[in-house]
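[1] What would the 3D arrangement of this be:
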Amino acid sequence: DKAKLGSDAVRVALEIKPMKDLRHQYICQLYQVIETTEYYFLVLEYFCNGELFDYIVNRNRLSEEQARHFFRQIVSAENLLLDRRENLKLIDFGLCAQPKGGINLAYLGTACGSPAYAAPEIIAGTNYRGDVADMWSLDVLLYTLLCGTLPFDDENIGSMYSKIQNDIYYMPPFLSPESVALLRLMLQVNPMKRIRLDDLLCHAWLI
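    A predicted model of the protein is given here:
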């Protein structure tokens, strides 16, 4: 509904563009955009199994094997849908950017995304490396897969931010030593100490 969008109309246009441009087996397919004087209609690929987050909640938590299956495919659990074969598909491009200099070199300054998944450096309001901050968000997702809850969940946003910046979270005793080790490598408040993607892909937990 264009009347309800207001200033968000620009954001909608920004989200539609990458969905038109990108083609990948793990990205939600945008088939058609129909625009009238009053509405935008997006014809999207159908996902019968819904959001990953709901899938986790309905099962309380996932086994390490299930978590590994999904983690290998992976953003946030609310931005991932499941098809009938339980393949993950990315659906939300509302906050995407194409940094100058390449994704691994650019420092970003805009704080965006879900607070519960935000890295400490984003909350602090400092410039940050997108790929390094994403590693923190990936770990929040991995924790959620394995534990069924968010590591820094709190109704009070200030308390949540304090937990994130001070790395205060509960490590359940049912987690394997390998899972604990990987979670600790990723949930490093200091971004320079956080595991990088190349090292993550070679980690024993994923192999």
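[2] pull the helix or strand with minimum mean pLDDT from the chain.
    Taking mean pLDDT, DSSP states H and E as the measure, the helices and strands of the chain show their lowest mean at strand 107-108, namely a mean of 58.
[3] Which residue ranges make up the domains of the protein?
    Per automatic domain parsing, the structural domains of the chain span 2-44, 52-201.
[4] For the lengthiest helix in the chain, give the mean pLDDT please.
    Assignment by DSSP state H gives helix 130-147 as the longest helix of the chain. Helix 130-147 shows a mean pLDDT of 90.
[5] Same check on stretch 86-96?
    Stretch 86-96 comes out with an average pLDDT of 66.
[6] Equivalent analysis for stretch 41-54, please.
    The pLDDT scores in stretch 41-54 average 83.
[7] how about the residue of the chain most remote from its centre, what does it touch?
    Taking Cα atoms, centre = their mean, the residue of the chain most remote from its mean C-alpha position is T37, at 33.5 Å. Going by Cβ atoms under 8 Å, 6 or more residues apart in numbering, T37 touches K2. For the C-beta atoms, the positions are set from N, CA and C on the backbone; glycine is no exception.
[8] could you measure it against Q188, distance?
    Summarising the geometry, the distance separating T37 from Q188, computed by Cβ to Cβ, to the nearest Å, is 51 Å.
[9] and what of D1?
    43 Å.
[10] Which one's more surrounded, these two?
    Q188 (18 against 7; other Cβ atoms under 10 Å).
[11] Share the number of residues neighbouring the residue nearest to the more buried one when sequence neighbours are not counted, please.
    The spatially closest residue to Q188, leaving aside those adjacent along the chain, is R194, at 4.2 Å (Cβ to Cβ, 6 or more residues apart in numbering). Other residues within reach of R194, judged by other Cβ under 10 Å, total 22.
[12] Got the phi and psi for R194?
    Backbone torsions of R194, given as degrees, to the nearest 10, read phi -70, psi 140.
[13] now swap in E155 and tell me
    The phi/psi pair for E155 (degrees, to the nearest 10) reads phi -70, psi -30.
[14] Tell me the spacing between it and A116.
    For E155, the distance to A116 under the criterion Cβ to Cβ works out to 11 Å.
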